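# Give the three-dimensional model of this entry:
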Amino acid sequence: QVQLVESGGGLVQAGGSLRLSCAASGRAFTSYNLGWFRQAPGKEREFVAAISWSGGTTYYADSVKGRFTIARDNTKNTVYLQMSSLKPEDMAVYYCAARPRFSVGSYSLVKDYNYWGQGTQVTVSS
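Residues are numbered from 1 along each chain as shown. Here you go, the predicted model:
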């Protein structure tokens, strides 16, 4: 089992940047592939980005490609989401999630992640 705690959310103007962090504790960090999801009010939780256990493979939603970067530091048990050129439509609660390294399923589906953080709010003002 792994516990996830996000941080780094806040208020930013459109066009600005934020870096989210997600610290993990518990079972070996490299046992997990990781993802970032977000949920805006009244909307379903949606995929943002994912990264493999080694950090060698990354995936992005089309809506954030070229603006967001996911990375992980396995020595610090932390995954990051660097967000640039933020838009009002990026405003949401952002969640970090983990799925076991050898699990089946998709990196982009909420149902295929076993562990979730509590979320961190990102507010983008226009």
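# Find the residue at the geometric middle of this protein.
Residue closest to the mean C-alpha point of the chain, counted by Cα atoms, centre = their mean, is W36 at 1.9 Å.
# The closest residue to it other than its chain neighbours sits in which helix or strand?
Spatially, and ignoring its direct neighbours in sequence, W36 is nearest to V48 (4.3 Å; Cβ to Cβ, 6 or more residues apart in numbering). Quick note: C-beta positions are derived from backbone N, CA and C, even for glycine. Element membership of V48, judged by DSSP states H and E, is strand 46-51.
# Give me the buried positions along that strand.
Counting neighbours by 16 or more other Cβ atoms under 10 Å, one finds that the buried residues in strand 46-51 are 47-51.
# about what we covered before: how about the residue nearest to W36, what does it touch?
Listed by Cβ atoms under 8 Å, 6 or more residues apart in numbering, the contact partners of V48 are 35-38, 60-61, 64, 68, 81, 94.
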